[in-house]
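> Sequence first, then the predicted structure:
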Amino acid sequence: AAHLISAEGYDKIVIIIDRNVAKLNKKKLSDFLTRAPIVDTILVNPTPRYKNYQEAATLIKRLVKIKATRKSCIIAIGGGYVADIAGFVASIYMRGIDFIQIPTTLMAMGDAVIGKVAVNFSGYKNIVGNFYSPRMVFCDTSFLKTLDWQEFMYGLVEVWKHVLISGNKNAHALMISLLSKRTCSQAQMMDIISFSLKTKSQYVVGDHDDKKGQHKGLSLGHTFANYFERKFKMRHGEAVFYGIIFATLLSSSLRMISKKRESSVLEVASLFEKEFKRLSFMQKKIDTKDLL
């Protein structure tokens with residue numbers, strides 16, 4: 001990665017990194033940082049509260065301070081929150097500079113920032129953003145060794161979303177295998193990440209500015225999920241999982257999908273539910289009026 005990044009000829013490189021990742025991967029990052037022309041390293045907190053317009057302004061001030069130019073580059077190392085805010089800043093600083101993503105969670109690897117970057121503003125999620133993609137994405141699965149099975153499951157939900165919208169039977173079978181055995185080999189890990197990124201890219205390339213309708217397939221389950229995250233203080237992956245279930249049940253009741261399709265979705269959902277175990281709780285707590 002360092003060799004390929006250096007070959008781009010950037011005059012200055014700024015690292016924006018999840019402080020937890022920096023702490024857990026000191027040696028790996030130390031080797032990387034000494035091989036690339038880094039001028040500033042910014043540690044950030046990977047939480048929803050951090051991903052806001054005010055924090056973006058703070059990052060821009062750092063870029064101004066080091067006199068970053070249009071030939072400079074931002075490298076985001078971390079999960080989705082870090083990539084989103086780093087990508088957003090890159091998209092507006094000097095009308096757009098390159099950013100490179102090095103995702104460190106399965107969710108970020110399987111759903112890398114391709115096409116859209118955004119931050120929250122005044123209580124509204126992702127309301128300020130841009131259509132912007134990283135110059136490069138490097139997926140190093142060794143970062144995933146620090147994740148527990150629950151974190152892995154959250155990321156696997158986003159991969160499952162791509163399985164559903166693509167209708168890929170091999171990926172569907174692999175998903176059932178992973179969830180049933182509760183284990184994932186290195187080769188399988190690379191397969192699902194590669195599949196997931198290729199699927200997302202296909203949806204973005206054909207509808208980059210999200211105007212034709214195709215791009216919206218990537219939002220499967222997310223409309224419900226935005227509500228669940230706020231209402232039940234859920235993690236994003238878990239909220240998307242339940243969002244997909246409710247979207248499926250709604251689609252079935254409106255006869256927009258077949259019973260066979262519904263059963264196929266719920267077959268995999270039941271395996272996820274063995275881990276999350278919150279469906280019954282949510283069915284009791286959801287206020288339809290409030291949700292609408």
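It's in.
> quick one: least confident helix or strand in the protein?
Using mean pLDDT, DSSP states H and E, the weakest-scoring helix or strand in the chain turns out to be helix 26-33, at a mean of 74.
> And the contacts of it?
Ala1, Ala2, Ile15, Ile17, Val21, Ala22, Thr41, Ile77, Ser142 (Cβ atoms under 8 Å, 6 or more residues apart in numbering). In short, each C-beta sits where N, CA and C put it, glycine included.
> list the buried ones in it?
Leu29, Phe32, Leu33 (16 or more other Cβ atoms under 10 Å).
> which among those residues gets closest to Arg235?
The closest of the buried residues of helix 26-33 to Arg235 turns out to be Leu29 (Cβ to Cβ; 25.0 Å).
> what about the strands in the protein?
13-18, 38-44, 73-78, 98-103, 116-121, 124-131, 136-137 (DSSP state E).
> which one of those is the most hemmed in?
strand 73-78 (a mean of 27; mean count of other Cβ atoms under 10 Å).
> just the angle between that strand and strand 13-18, please?
Going by axes from the mean of the first three to the mean of the last three Cα atoms, to 10 degrees, strand 73-78 is angled at 20 degrees with respect to strand 13-18.
> re the thing from before, and of the strands of the chain, who's closest to Leu292?
Nearest of these (Cβ to Cβ): strand 124-131, 17.4 Å.
> Show me the shaky parts of the chain.
Applying pLDDT under 70 to the chain flags residues 35.
> Stretch 198-217: which residues count as buried?
Buried, per 16+ other Cβ under 10 Å, within stretch 198-217: Thr199, Lys200, Tyr203, Val204, Asp207, His208, Asp210, Gln214, His215, Gly217.
> Format the residues you listed as TSV; extra columns: distance to Met256.
Supplementary listing: the buried residues of stretch 198-217 in TSV, determined by distance: Cβ to Cβ, whole Å:
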residue	distance to Met256
Thr199	21
Lys200	23
Tyr203	19
Val204	24
Asp207	20
His208	26
Asp210	21
Gln214	17
His215	19
Gly217	14
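> Which of the residues you listed sits closest to Tyr132?
Proximity of these to Tyr132 (Cβ to Cβ) peaks at His208, which lies at 10.0 Å.
> Wait, that closest one touches Tyr132, no?
No. His208 lies out of contact with Tyr132 (Cβ atoms under 8 Å); the separation is 10.0 Å.
> if I look at Asn25, how far off is Ser142?
As for Asn25, its distance to Ser142 is 9 Å (criterion: Cβ to Cβ, to the nearest Å).
> again with Phe152
Distance from Phe152 to Ser142, by Cβ to Cβ: 14 Å.
> still on that earlier bit, just so I know, which of the strands of the chain lies nearest Ser253?
Among the strands of the chain, strand 124-131 comes nearest to Ser253, with 26.8 Å by Cβ to Cβ.
> returning to that earlier point: what about Asn25 and Ser142, which has more around it?
More crowded of Asn25 and Ser142, by other Cβ atoms under 10 Å: Asn25, with 20 against 10.
> which non-adjacent residue is nearest the more buried one?
Leaving aside its sequence neighbours, Asn25 sits nearest to Phe143 (Cβ to Cβ, 6 or more residues apart in numbering; 6.8 Å).
> For the one you found, list the residues it contacts.
Here Phe143 is in contact with Val21, Asn25, Pro103, Thr104, Thr105 (Cβ under 8 Å, 6+ apart).
> In contact with the second one: list those residues for me.
Residues in contact with Asn25 (Cβ under 8 Å, 6+ apart) are Thr104, Phe143, Thr146.
> Pipe those into JSON lines and attach distance to Phe224 per row.
Formatted as JSON lines, the contacts of Asn25 follow (distance: Cβ to Cβ, whole Å):
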{"residue": "Thr104", "distance to Phe224": "27"}
{"residue": "Phe143", "distance to Phe224": "29"}
{"residue": "Thr146", "distance to Phe224": "30"}
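> follow-up on the earlier one: report the separation between the residue nearest to Asn25 and Arg182.
20 Å.
> Over to Gln101?
From Gln101 across to Arg182, the span is 28 Å (Cβ to Cβ).
> go on, Asp287?
Taking Cβ to Cβ, one finds Asp287 at 34 Å from Arg182.
> what's the farthest-apart pair in the contacts of helix 26-33?
So, the contacts of helix 26-33 by Cβ to Cβ: farthest apart are Thr41 and Ser142, at 20.2 Å.
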